[in-house]
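Novice: return atomic coordinates for the entry below.
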Amino acid sequence: MLVLVALAALIPLLGPSLALDGTGEAAAPGVAGIGLLRTVLFAALCVPVGELFVRRLADRLPGAPPERARGWAPYAAGVGFVAALGLASVVSTGNLVPHSLAAIDVGGLYESRDGKLALLEVNGFAAAGLCALSARPVTQVWPLAAVAVAEALRAHPPPELDPLTGSALTFVHLTCAALWVGGLLYVLRTLPLWRAAGEARVALLGLYARVAAVLLALITATGIWSTLRRMPPDTVLEQLTTTAYGRTLLAKVIVVAAVAVLALWARLRLSRAADPLTACSPARAEVVALGLVVAVSGLLTALPVPIRWT
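Specialist: The predicted structure follows:
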């Protein structure tokens with residue numbers, strides 16, 4: 001697990017130089033660090049969202065065992081809080097990497113739209129952590145939703161053409177991705193606890209697979225729509241190879257395609273294999289590939305947005 005985390009961290013750290021090479025584009029200062037922080041923030045959002053999602057699915061299964069995998073939500077909230085705090089410090093200095101505490105202007109965050117959104121993410125993770133430790137952990141859905149909304153608004157500033165449409169697409173895309181990634185991780189952590197209930201294990205995996213198919217369809221649709229909003233159809237192919245954003249997007253598409261193949265493989269095993277639980281093997285590989293998708297997505301948000309050629 002530590003090796004996989006280290007490899008995923010290398011994508012936002014080393015990716016900018018590879019993506020920008022030969023494009024003539026200039027990256028923002030500290031793009032590698034920002035990409036890493038956004039990767040951590042996205043991962044921290046996926047974990048609790050997935051836990052809430054799968055616990056609800058498990059509660060709907062008749063005869064499901066009461067055991068649930070231990071929640072990682074409080075730890076994820078803490079990690080997300082630190083990542084959001086780091087991103088807020090960058091915003092406070094005018095999107096420059098602060099080299100000392102004195103350079104951080106906390107009060108200035110309240111004076112700009114990006115600053116307020118950064119503070120919303122910081123407070124959202126703090127509130128989610130407290131809710132996760134409370135007697136009603138399900139209430140963390142509200143601060144987590146606030147984080148997703150803040151991230152969607154941040155990605156589409158007012159000068160953009162029709163920013164509310166872009167924010168809505170990003171919100172749906174991010175929410176579905178969090179449900180897919182975090183949900184599969186929690187399913188695979190829960191199944192070993194249900195060894196004595198074979199039918200319930202198959203039922204949970206099958207129920208998740210059916211929902212995941214819908215999530216994949218929504219992710220694909222919103223991803224394509226968002227891409228066409230930033231890259232007109234007649235320039236997509238060229239920008240996929242000549243811009244840093246396009247190259248990274250192409251890499252993400254390739255990894256997502258691999259994830260889709262693994263998901264299909266798991267679905268076929270679940271429905272046709274003599275032992276349906278052999279679907280867990282491709283599902284584990286799918287989790288690893290989804291981790292790479294999260295890392296590439298973090299890098300994508302840190303790179304310069306492509307020029308809209310019209």
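
Novice: contacts, neighbours, all on C-alpha from now
Specialist: OK.

Novice: the residue nearest to V147 when sequence neighbours are not counted: how many residues sit nearby?
Specialist: What sits nearest to V147 in space, not counting adjacent residues and going by CA to CA, 6 or more residues apart in numbering, is E121, at 4.9 Å. The number of residues packed near E121 is 29, by other CA atoms under 10 Å.

Novice: can you tell me which residues contact E121?
Specialist: Contacts for E121 (CA atoms under 8 Å, 6 or more residues apart in numbering) come out as F81, A84, A146, V147, A150, E151.

Novice: before we move on, what SS does the first one have?
Specialist: Here F81 is helix, with the state taken from DSSP: H, G, I helix; E, B strand; the rest coil.

Novice: I'd say it and V122 touch.
Specialist: Yes. The pair F81 / V122 is scored as a contact, 5.4 Å apart, by CA atoms under 8 Å.

Novice: looking at the contacts of E121, which are in helices?
Specialist: Among these, the residues falling in helices (DSSP state H) are F81, A84, A146, V147, A150, E151.

Novice: may I see those organised as CSV, with pLDDT, neighbour count and distance to V287 added?
Specialist: Output for the ones in helices among the contacts of E121, formatted as CSV (pLDDT from 0 to 100; neighbours: other CA atoms under 10 Å; distance: CA to CA, whole Å):
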residue, pLDDT, neighbour count, distance to V287
F81, 97, 24, 23
A84, 96, 26, 24
A146, 97, 18, 25
V147, 97, 27, 23
A150, 97, 21, 26
E151, 96, 23, 23
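
Novice: okay if I get those as JSON lines plus distance to I34?
Specialist: Converted to JSON lines, those look like this (distance: CA to CA, whole Å):
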{"residue": "F81", "distance to I34": "15"}
{"residue": "A84", "distance to I34": "10"}
{"residue": "A146", "distance to I34": "21"}
{"residue": "V147", "distance to I34": "17"}
{"residue": "A150", "distance to I34": "17"}
{"residue": "E151", "distance to I34": "14"}
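
Novice: C-terminal to the helix or strand bottoming out on mean pLDDT in the chain, what's the next element?
Specialist: Within the chain, confidence by mean pLDDT, DSSP states H and E is lowest for helix 2-20 among all helices and strands, at a mean of 74. On the C-terminal side of helix 2-20, the closest following helix or strand by DSSP states H and E is helix 31-59.

Novice: how far off centre is that following helix?
Specialist: The chain centre lies 6 Å from the centre of helix 31-59; the measure is CA atoms, centre = their mean, to the nearest Å.

Novice: the helix or strand harbouring L237 packs against which elements?
Specialist: Element membership for L237 (DSSP H and E) is helix 236-242. Applying 3 or more CA pairs under 8 Å, 6 or more residues apart in numbering; DSSP states H and E, we find helix 236-242 packed against helix 244-272.

Novice: centre of the chain to the helix it packs on, how far?
Specialist: 15 Å.

Novice: from V181, how far off is C280?
Specialist: Taking CA to CA, to the nearest Å as the measure, C280 falls 15 Å from V181.

Novice: neighbour-wise, which of those two wins?
Specialist: V181 (25 against 18).

Novice: can you pull the contacts of that one?
Specialist: C46, V47, G50, V287, L290, G291.

Novice: distance of it from D105?
Specialist: According to CA to CA, V181 stands 35 Å off from D105.

Novice: and the host helix or strand of I224, average pLDDT?
Specialist: Using DSSP H and E, the element containing I224 is helix 198-230. Averaged across helix 198-230, the pLDDT comes to 92.
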